[in-house]
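Student: sharing a model that was predicted from the sequence below.
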Amino acid sequence: MTVTAIENKTQYCYNDRLPLAVYREIAAHLESIHGVKTNLIAQDCPQFEYLNSQLKGICLEYPHNLDLSDRQQITEILAYYGLH
């Protein structure tokens with residue numbers, strides 16, 4: 001996981017080798033929280049390998065002033081998928 005502070009936001013990048021569908025599910029759950037944005041990171045491997053993930057990771061971005069309850073919900077979602 002990489003954490004970056006950008007302007008008024010915090011960005012987390014998770015690089016676990018999860019299937020594409022799981023990344024999309026995580027993104028959908030996280031983006032249901034007001035103020036949270038996600039970005040799926042494309043795989044940069046030059047050769048396709050069937051057993052590797054189609055994505056390199058997921059970035060999560062939210063404002064510094066996000067409610068504590070929303071932050072807790074983010075933590076719970078990430079923990080459910082083993083991203084913490």
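Tutor: Nice, I can see it.
Student: show me where the protein has strands.
Tutor: Applying DSSP state E to the chain gives strands spanning 2-6, 9-14, 37-42, 55-63.
Student: what's the mean pLDDT across the shortest one?
Tutor: It refers to strand 2-6. Strand 2-6 shows a mean pLDDT of 60.
Student: ok, the second one next?
Tutor: Confidence over strand 9-14 (mean pLDDT, whole number) is 68.
Student: burial of Ile58, as a residue count?
Tutor: 24 (other C-beta atoms under 10 Å). The C-beta positions use only the backbone N, C-alpha and C, and glycine is treated the same way.
Student: okay, it and Leu78: tell me how far apart.
Tutor: According to C-beta to C-beta, to the nearest Å, Ile58 and Leu78 sit 10 Å apart.
Student: could you tell me which residues touch both of those two?
Tutor: Jointly contacting Ile58 and Leu78 under the rule C-beta atoms under 8 Å, 6 or more residues apart in numbering are 14, 26.
Student: pretty sure Glu31 contacts Thr38?
Tutor: Yes - look at Glu31 against Thr38 with C-beta atoms under 8 Å: they come within range, at 5.7 Å.
Student: quick one: which of these two has more around it?
Tutor: Between Glu31 and Thr38, counting by other C-beta under 10 Å, Thr38 is the more crowded of the two (18 against 13).
Student: who's in contact with the closest residue in space to the more buried one that isn't next to it in sequence?
Tutor: Of all residues not flanking Thr38 in the chain, Ala27 sits nearest, at 4.1 Å (C-beta to C-beta, 6 or more residues apart in numbering). Going by C-beta under 8 Å, 6+ apart, Ala27 touches 38, 40, 58.
Student: of these, closest to Asn65?
Tutor: Taking C-beta to C-beta as the measure, Asn65 sits nearest to Thr38 out of the contacts of Ala27, at 18.7 Å.
Student: how far away is the closest one from Ala21?
Tutor: 15 Å.
Student: verify the contact between Ile77 and Ser32 for me.
Tutor: No - if you go by C-beta under 8 Å, Ile77 and Ser32 don't touch, sitting 9.1 Å apart.
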